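Colleague: quick one, structure for this:
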Amino acid sequence: MSHERKRYESLRQWIFATICSVNDTRSIGRPPGPHDDTLSKLLPSALRLFLEEGGAALTPTRLHQESGVSRATIYRNWPEPADLIEIMLQFATAAPEQGHQPTGDMRADLQRAMEHLLFRFEHRPARAFFGACLEYGRQSARVSDAAEAFVAGILDPFRIALVAAVEAGEVQGPVDDLVYELTGPPILRHVILGETLTADEGAAMVDRFVDAHTR
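Modeller: Model prediction:
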């Protein structure tokens, strides 16, 4: 199986594991709305259209054609692309995992955070969601809030490790500046330049960062 095919299959499995298992739309901050089954039916089609054609494809007509959900239901609940993009961003937002709690070894903690970031780049539609943050965050306050949480979910493992390192006196400087210094290059290369970063490249970025700040 080719690399691209494996990546597509991993993404497809994530779509159905994460989005098709909707149990309570209110758990992601949505007000009471259509039955969960409707959202479960609509979101996989919405995400596929979004990834393949962009947010402009999320019209009631296209969504009805792809999902079978009635146009009236879509018009009533999600009349604008931003309405569904907000929900997708919320599903794509990852809370820091227990494994990202600091261990006292800054280099190891940052290496683990980088591995997590590269996994998201490889197996989640991070580039498309970053684009949605930029395009639709200016149009909708709700999307802007969801985009902020999405980005925070990506950066928080680094922030957690660096807060602990600053408190321990291992490094100095504003934590956010340190986070952006380390994560800026891989995000730029993946999101803007469309490059695929290897685990060795990620590890080297962490090593250079730690060495530069602990001399």
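
Colleague: next secondary structure after the helix or strand of the chain with the lowest mean pLDDT?
Modeller: None of the helices or strands of the chain scores lower by mean pLDDT, DSSP states H and E than helix 3-14, at a mean of 51. Using DSSP states H and E, the helix or strand that follows helix 3-14 towards the C-terminus is helix 36-53.

Colleague: which neighbouring elements make contact with that next one?
Modeller: helix 60-67, helix 81-92, helix 126-136 (3 or more C-beta pairs under 8 Å, 6 or more residues apart in numbering; DSSP states H and E). C-beta: built from backbone N, CA, C; applies to glycine.

Colleague: which of those helices comes out lowest on mean pLDDT?
Modeller: Among the helices and strands packed on helix 36-53, helix 126-136 carries the lowest mean pLDDT, at a mean of 78.

Colleague: what angle separates the next helix or strand after it from helix 81-92?
Modeller: Counting by DSSP H and E, the element after helix 126-136 in chain order, helix or strand, is helix 141-167. Computed by axes from the mean of the first three to the mean of the last three C-alpha atoms, to 10 degrees, the angle separating helix 141-167 from helix 81-92 equals 30 degrees.

Colleague: distance between helix 141-167 and the chain's centre?
Modeller: 11 Å (C-alpha atoms, centre = their mean, to the nearest Å).

Colleague: the helix or strand following it: which residues count as buried?
Modeller: For helix 141-167, the succeeding helix or strand toward the C-terminus, using DSSP H and E, is helix 175-187. Neighbour counts over helix 175-187 (16 or more other C-beta atoms under 10 Å) mark Val175, Leu178, Val179, Leu182, Thr183, Pro185, Pro186, Ile187 as buried.

Colleague: contact partners of helix 175-187?
Modeller: By C-beta atoms under 8 Å, 6 or more residues apart in numbering, the residues outside helix 175-187 that reach it are 110, 114, 117-118, 121, 130, 154-155, 158-159, 162-163, 166, 171, 197, 202, 205-206, 209, 213.

Colleague: what's the answer for stretch 200-213, then?
Modeller: 106-107, 110-111, 114-115, 117-118, 170-173, 178, 181-182, 185-186.

Colleague: now which of those would you call buried?
Modeller: 106-107, 110-111, 114, 117-118, 170-171, 178, 182, 185-186.

Colleague: between those residues, which is closest to Val69?
Modeller: Leu117 (34.3 Å; C-beta to C-beta).

Colleague: and Ile85, how far from Tyr136?
Modeller: 5 Å (C-beta to C-beta, to the nearest Å).

Colleague: same thing with His190?
Modeller: Relative to Tyr136, and taking C-beta to C-beta, His190 is found at 20 Å.
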